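Novice: Please work out how this folds:
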Amino acid sequence: MTLLLRRFIASSAIARCLAMLLVVDCGASPSVSATAPPRSAAPASSVASATPSPAAAEASRETHRLVIAAAGCWSGGSWSNTLGEEDVVKQKEVEVRCQDLERRVWAGAPDITRDEQLRAPEVKAIAVVVAKVDEMATNDHVDDTVREALVRLTSALAEADQERMLAYRAAGRVTSDLGHDPERLNADEVDAVAPLRAHAKLDALLKLDVGSLSKEAHALGLLVALDRVELARGLPKHLKLYAVADNFQTIFGVTSPDVPQDATGKLVPGTWLRFLSEAAAAAGYPADHNATSSREKDALAWAGMLRGFSDKLKADADAISSITDLHQVVTVAVHRLEAEYDAQRGAETMLHSSGAQRR
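Specialist: Take a look at the predicted model:
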């Protein structure tokens with residue numbers, strides 16, 4: 001793993017202590033679903049397709065900014081990792097994003113309890129945010145045309161982030177036991193399988209049809225998925241499949257490998273590397289056939305898979321409003337993922353070149 005990738009989707013400490021991420025992703029609650037009150041018979045996709053003029057969008061769109069502010073807060077530290085924020089700066093920026101969301105939703109001085117509820121995010125806090133989105137859009141001459149889409153996007157985003165946080169909490173409970181069978185799950189790992197495999201809410205966000213906001217929804221889903229990829233990095237190989245296989249099926253169209261329905265069953269050795277290589281190939285960046293060791297193949301396939309994420313984010317970028325932080329986060333993510341892939345391929349080329357010279 002290169003320094004560049006660690007700075008992209010993980011703090012410098014994540015490889016040593018995955019559970020520390022839970023300090024940011026605290027206290028997830030059961031998912032909540034909210035819908036806007038009916039305003040017309042038109043479907044959300046057709047309502048959201050109305051595109052305001054650039055001048056009008058710059059003058060308004062406060063509700064849209066609120067939705068992206070919620071995304072920034074609920075992302076925990078993943079947006080900071082993407083932007084290259086570290087240590088004290090990262091902690092401060094996470095606080096600033098959640099305080100910004102709190103200020104947009106509630107009037108008055110900051111409140112520690114509300115801040116914690118927003119970060120979770122807890123059901124009651126989500127309901128307040130969704131109601132605020134509905135209220136603000138109703139009174140905004142630009143966002144009123146996409147009111148229902150904004151409400152649906154906010155609800156879907158919150159549910160996907162709750163699902164992600166539950167997966168992080170489950171991963172944090174996995175204990176290291178070097179003495180047990182590396183292809184069989186111990187008791188703590190068995191308990192982690194269900195929340196690690198849960199992906200219905202993320203799947204819904206990736207496929208959400210909200211008209212002109214659909215690509216923003218897809219990009220937000222990809223960012224959540226990337227955070228779950230980082231979660232998989234810190235897991236034993238026999239748990240990586242449970243963490244990302246279903247998501248890769250949605251994103252890259254690869255077929256999830258057969259894994260025991262009974263989580264105590266033994267996994268076939270080599271399944272993870274084969275599946276990761278298939279995902280990289282489906283993304284358009286197969287591992288080099290010259291790679292000789294399993295470690296080298298794994299590194300190249302991992303970089304290729306991430307490069308595939310970059311392409312998909314790039315496809316969404318043009319439709320993302322430049323007036324919010326999401327555009328910057330997506331742009332930086334694209335460049336970092338591309339740079340990581342180039343660095344890994346460069347290292348592989350140098351390795352084989354030096355080997356050929358020695359021969």
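Novice: make it CA atoms for all contacts and neighbour counts henceforth
Specialist: Noted.
Novice: centroid residue for the chain?
Specialist: residue 224 (1.3 Å; Cα atoms, centre = their mean).
Novice: Surely it touches residue 160?
Specialist: Yes - here residue 224 lies in contact with residue 160, judged by Cα atoms under 8 Å, at a distance of 7.5 Å.
Novice: Common neighbours of those two, please.
Specialist: residue 202 (Cα atoms under 8 Å, 6 or more residues apart in numbering).
Novice: Over to the closest residue to residue 189 other than its chain neighbours. Which of the three states is it?
Specialist: Sequence neighbours aside, residue 174 is the residue nearest to residue 189 in space, at 5.5 Å (criterion: Cα to Cα, 6 or more residues apart in numbering). Of the three states, residue 174 takes coil under DSSP: H, G, I helix; E, B strand; the rest coil.
Novice: Tell me if I'm right that residue 174 and residue 196 touch.
Specialist: No - checked against Cα under 8 Å, the pair residue 174 and residue 196 is beyond contact range at 11.1 Å.
Novice: Which one of the two is surrounded by more residues?
Specialist: Neighbours per residue, other Cα atoms under 10 Å: of residue 174 and residue 196, the larger number sits with residue 196, 27 against 21.
Novice: Can you report how many residues lie near residue 256?
Specialist: Per other Cα under 10 Å, the neighbour tally for residue 256 reads 18.
Novice: Now do the contacts for it.
Specialist: Taking Cα under 8 Å, 6+ apart as the contact definition, residue 256 lies against 245-246, 248-249, 275.
Novice: tell me the contacts of residue 195?
Specialist: By Cα under 8 Å, 6+ apart, the contact set of residue 195 is 163, 166-167, 170.
Novice: tell me which element it is part of?
Specialist: helix 187-197 (DSSP states H and E).
Novice: Please pull up the helix or strand immediately following the helix or strand where the residue nearest to the centre of the chain lies.
Specialist: When elements are assigned from DSSP H and E, residue 224 belongs to helix 214-233. Later in the chain than helix 214-233, the nearest helix or strand by DSSP H and E is helix 237-252.
Novice: next SSE after that next one?
Specialist: Per DSSP H and E, the first helix or strand lying C-terminal to helix 237-252 is helix 271-283.
Novice: now residue 249, nearest residue through space, not along the chain?
Specialist: Using Cα to Cα, 6+ apart, the nearest residue to residue 249 is residue 255, at 5.6 Å.
Novice: where does the one you found sit relative to residue 246, distance-wise?
Specialist: From residue 255 across to residue 246, the span is 8 Å (Cα to Cα, to the nearest Å).
Novice: Likewise for residue 208?
Specialist: Residue 208 sits 17 Å away from residue 246, going by Cα to Cα.
Novice: what's the answer for residue 217, then?
Specialist: Using Cα to Cα, which is the criterion applied here, residue 217 is 19 Å from residue 246.
Novice: So between the two, which is more surrounded?
Specialist: More crowded of residue 217 and residue 246, by other Cα under 10 Å: residue 217, with 27 against 20.
Novice: In which helix or strand does residue 97 reside?
Specialist: Residue 97 is part of helix 87-105, with elements assigned from DSSP H and E.
Novice: what's next to that helix, contact-wise?
Specialist: 11, 66, 69-70, 72-74, 76-77, 80-81, 85, 110, 114-115, 118-119, 128-129, 132.
Novice: Is the nearest residue to residue 201 once chain neighbours are set aside in a helix, a strand, or coil?
Specialist: Nearest residue to residue 201 in three dimensions, chain neighbours excluded: residue 160, at 4.8 Å (Cα to Cα, 6+ apart). Secondary structure assignment for residue 160 (three-state DSSP): helix.
Novice: How about residue 208?
Specialist: Under three-state DSSP, residue 208 falls in the coil class.
Novice: Count the residues that sit near residue 293.
Specialist: Residue neighbour count, defined by other Cα under 10 Å, stands at 8 for residue 293.
Novice: where does this structure have low pLDDT?
Specialist: Along the chain, segments meeting pLDDT under 70 span 1-60, 175-186, 188, 261-265, 352, 354-359.
Novice: what's the burial count for residue 164?
Specialist: Residues near residue 164, counting by other Cα under 10 Å, number 26.
Novice: dump the residue contacts of it.
Specialist: For residue 164, the contacting residues are 224, 228, by Cα under 8 Å, 6+ apart.
Novice: how long is stretch 285-293 from one end to the other?
Specialist: First-to-last residue span, stretch 285-293, Cα to Cα: 18 Å.
Novice: re the thing from before, how close does the residue nearest to residue 249 get to residue 200?
Specialist: The gap separating residue 255 from residue 200 is 16 Å, by Cα to Cα.
Novice: Which elements pack onto the particular helix or strand that has residue 131 in it?
Specialist: Counting by DSSP H and E, the element that carries residue 131 is helix 123-138. With contacts defined as 3 or more Cα pairs under 8 Å, 6 or more residues apart in numbering; DSSP states H and E, helix 123-138 has these neighbours: helix 62-74, helix 87-105, helix 112-119, helix 147-172.
Novice: Cheers, nothing more for now.
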